[in-house]
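In: A structural model of the following input is requested.
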Amino acid sequence: MADDGDPDLFDEEEPQVDTSFRHAIIVDGLPIVPQEKHDKLLGVIRKFFTQVGSILANGLDMPTDPKTRQSLGYAFIEFSSEEEATAAVAKANGYKLDKSHTFVVNSFEDFAKYTSIPDEEVEAPPPPYVPKENLTSWLLDGAARDQYVVRYNEECEIWWNDPTKPDQQPEYSRRGWSDNYVSWSPRGTYLATFHRLGIMLWGGASWKKLLKLSHGGVKLLDFSPSEKFIVTWSPEGEQKEALVVWSTSTGAKLRAFQGTKEGEGGEMEWPAFRWSHDDALFARLGEDCIYVYESSSMKLIKDKQDKRSSVKVDGVRQFLWSPTENIVSLWVPEHLNQPAKVVLMELPSRNELRQKNMVSVADLRMTWHDQGHFLCVKVDKHSKSKKTLNSAFELFRLRDKGVPIEVQEFSKDITIVAFAWEPKGLRFTVVHADGSSNRTDVSLHTMGSKHNGRVSLLKTFEKKVCNGVFWSPVGGILLLANLKGTAGQLEWVDVNVMQTIGEAEHFMCSDIEWDPTGRFVATSVSHWRHQMENGYNMWSSHGRPLGHIKHDKFYQLLWRPRPPTLLTEHKEKEVRRNLRDYSKTYEEEDLRAKRSLQGDMLKQRKEKHEAFEAFLRETSALYAEQRAARVGLRGGMESDNESAYTLIEDVDEAELSYKEEVIDV
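Out: The predicted structure follows:
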């Protein structure tokens, strides 16, 4: 190539010689052999390691003792690339050559690093202290506001719920934050997002990433009640270890379990595990048994013989944990001459607390009271003719000695549509349809007392258009909703005074979410259910509309949960009794906020009025300046003087034809 005098042609960097030994390894643990067996051992080593990569010429060296001519028990091997050396370490380290010799293989670079450690200990300087964010800082909000997350299109937004504040902006937003849905942890500490390669947890005031769980293709996620553990499942890959339990604090993979089984059609029953209230135990339904594991060891609980085994229950169909104690309720359907039964069992002791046998059972559903005081077992029984079903409630009283059971039966014309316990109360509500009159009623009942009470009917609300009931989280207010099809009728009922306090309609409503404090409720139309009218409405606890937001492809609105109160049940009752005294402070704050809002509105109106007056003055002045130009354009005619104009009125009259006709009466 000719030299054209351009100096840039010679500015290329000189090639750098790689002086590292990343492509070399050290193999220790070799047999110590005499000189006559030296070549044979080298052949064995070469044959083994050429299966991994290409050994350089003169790249295998096994040092010997100069005096005895015996090998020293180790060798150096150079491969053609660093990747082959890394693969050799992974494959050969720990390999048993024979009963007495096991390979110990390390990279030459690692060996050099370890041998360079000084003999004398040098105290390492402590890392600088970096304070961590308070993950519960949102609970310190001065106005005691709640947060919620909304997901629509590709957007995810965190909002403070403050209906009185105009022109709100999200607290935090991020596009493409999750590939699928989002989920709060049970106490609101973490927000989980889904990604192709796994799960990420976010939190703190800055919403930074707190934890990453690598689980490719993950589709389902579940937290334990105290947020100590996370369970994920992926339909991709081998299902033998597709169900994984993780530690929330460290992100460590604690144990993998069987996912779906062959013949299940790829459908995963979720949640796969059910957790005890304190995270100490978690359980999964098996064939004629319940697998109960200790969360501390991830192993099965021990039986009375101190052996780890499952809880054997022939034919068990379903089980549920008590929300407050390590007690499970389980039921077994009828089989041959054996009646169906419901069992209350204490774990891990496996002691049976109560058993109830039943016959002619077609179906059974169990619902725990949120404080664990009661258990409702809804039983659908066959009639003697096997042509109709009769429903009944078996109500277990957990706080009374011997766990007594009260039975409430319904006639054959009654179909139970919905059932719900009042949170932190003694009442429950039932939506039931009467087939003979084709109407739906809602009945309210009470258990009477936590101890030694009697079930009684408080009131029946007749002819209500609803198929679901949603209690306020603090009780006292019941929201009746018709979510069938596109109806969306809503009715708020104050059960303390037994009257309707609000009625509304949200067309195509698909989801209803009370906020954790029971002050607000959100109704939404999800794109997963309907492709039109997507968005959400915000309401007060009494059914007063507070806002309506529309979003294309709206998917979710989830209130951020609050952790359990630290107050005792007695203290909570005391607060409720004195609620009027406590509420005065907040009413005064609400009044100040209202006045401040009104003042801001008046200020905005005054500013707009002044701006309009200034606009009028400017346009009037401009109009006056252009008078001479207007007169010139009209040939000297005055345009601003009204008397210069002649008003001509022209009236056109037209006679309409008509016909008179006499009608005999």
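In: contacts and neighbour counts: CA atoms only from here.
Out: Fine.
In: for residue 420, which residues are in contact?
Out: By CA atoms under 8 Å, 6 or more residues apart in numbering, the residues touching residue 420 are 428-430, 469-471.
In: state the three-state secondary structure for it.
Out: Following DSSP: H, G, I helix; E, B strand; the rest coil, residue 420 is assigned to strand.
In: for it, list each beta-bridge partner.
Out: Listed by DSSP bridges, the beta-bridge partners for residue 420 are residue 429.
In: now it: how far from residue 210?
Out: Separation of residue 420 from residue 210 (CA to CA, to the nearest Å): 36 Å.
In: repeat for residue 95
Out: 39 Å.
In: likewise for residue 239?
Out: Residue 239 sits 28 Å away from residue 210, going by CA to CA.
In: tell me the buried residues within the contacts of residue 420.
Out: Neighbour-count burial (16 or more other CA atoms under 10 Å) applied to the contacts of residue 420 gives 428-430, 469-471.
In: from the residues you listed, which is closest to residue 24?
Out: In terms of CA to CA, no member of those lies closer to residue 24 than residue 470, at 68.3 Å.
In: which residue is the nearest non-sequential neighbour of the closest one?
Out: residue 479 (5.0 Å; CA to CA, 6 or more residues apart in numbering).
In: and the one you found, what element?
Out: strand 477-482 (DSSP states H and E).
In: in its sheet, which strands sit next to the helix or strand following that strand, and in what direction?
Out: Using DSSP H and E, the next helix or strand after strand 477-482 towards the C-terminus is strand 489-494. Partners of strand 489-494 in the sheet, by DSSP bridges, are strand 477-482 (antiparallel), strand 499-505 (antiparallel).
In: next one: the lowest-mean-pLDDT helix or strand in the chain to chain centre, how far?
Out: Least confident helix or strand, the chain: helix 108-115 with a mean of 77, by mean pLDDT, DSSP states H and E. Averaging C-alpha positions (CA atoms, centre = their mean, to the nearest Å) puts helix 108-115 47 Å from its chain's average.
In: tell me what that helix is packed against?
Out: strand 24-28 (3 or more CA pairs under 8 Å, 6 or more residues apart in numbering; DSSP states H and E).
In: other residues contacting the strand it packs on?
Out: Around strand 24-28, the neighbours that count as contacts under CA under 8 Å, 6+ apart are 73-79, 82, 85, 89, 103-109, 111.
In: what's the angle between it and helix 108-115?
Out: Counting by axes from the mean of the first three to the mean of the last three CA atoms, to 10 degrees, strand 24-28 lies at 70 degrees to helix 108-115.
In: and strand 24-28, how far out from the chain middle?
Out: The chain centroid and the centroid of strand 24-28 are separated by 49 Å, computed with CA atoms, centre = their mean.
In: stretch 244-257 too?
Out: That offset, for stretch 244-257, works out to 17 Å (CA atoms, centre = their mean).
In: average pLDDT for it?
Out: For stretch 244-257, mean pLDDT rounds to 96.
In: what of stretch 428-446?
Out: Stretch 428-446 carries an average pLDDT of 91.
In: from start to finish, how long is that stretch in a straight line?
Out: The first and last residues of stretch 428-446 sit 6 Å apart, counting by CA to CA.
In: what's the distance between residue 462 and residue 139?
Out: Distance from residue 462 to residue 139, counting by CA to CA: 41 Å.
In: likewise residue 27?
Out: Separation of residue 27 from residue 139 (CA to CA) stands at 58 Å.
In: what about the strands in the stretch 151-300 of the chain?
Out: 155-160, 172-175, 182-184, 191-195, 198-203, 208-214, 220-223, 229-233, 243-247, 253-257, 274-275, 281-286, 289-294, 299-300 (DSSP state E, counting those that start in this stretch).
In: how far is the next helix or strand along the chain from the last one from where the chain is centred?
Out: Spelled out, that is strand 299-300. Next along the chain after strand 299-300, taking DSSP H and E as the criterion, comes strand 311-312. Relative to the mean C-alpha coordinate of its chain, strand 311-312 is positioned 31 Å out (CA atoms, centre = their mean).
In: could you do stretch 514-523 as well?
Out: Going by CA atoms, centre = their mean, the spacing between the C-alpha centre of stretch 514-523 and its chain's C-alpha centre is 17 Å.
In: over to stretch 252-262?
Out: With CA atoms, centre = their mean as the basis, stretch 252-262 stands 20 Å off its chain's centre.
In: over to stretch 577-590?
Out: Averaged C-alpha coordinates place stretch 577-590 at 33 Å from its chain's average position (CA atoms, centre = their mean).
In: what about residue 609, neighbour count?
Out: Other residues within reach of residue 609, judged by other CA atoms under 10 Å, total 12.
In: what comes into contact with the least confident helix or strand of the chain?
Out: Contact partners of helix 108-115, identified using CA under 8 Å, 6+ apart, comprise 20-26.
In: now these as a markdown table including pLDDT?
Out: Formatted as a markdown table, these follow (pLDDT from 0 to 100):
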| residue | pLDDT |
| --- | --- |
| 20 | 74 |
| 21 | 80 |
| 22 | 85 |
| 23 | 88 |
| 24 | 91 |
| 25 | 91 |
| 26 | 91 |
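In: out of those, which end up buried?
Out: Buried members of the contacts of helix 108-115, counted by 16+ other CA under 10 Å: 21-26.
In: and those residues, which is closest to residue 568?
Out: Of all these, residue 22 has the smallest distance to residue 568: 63.4 Å, by CA to CA.
In: how about that closest one, secondary structure?
Out: Here residue 22 is recorded as coil under three-state DSSP.
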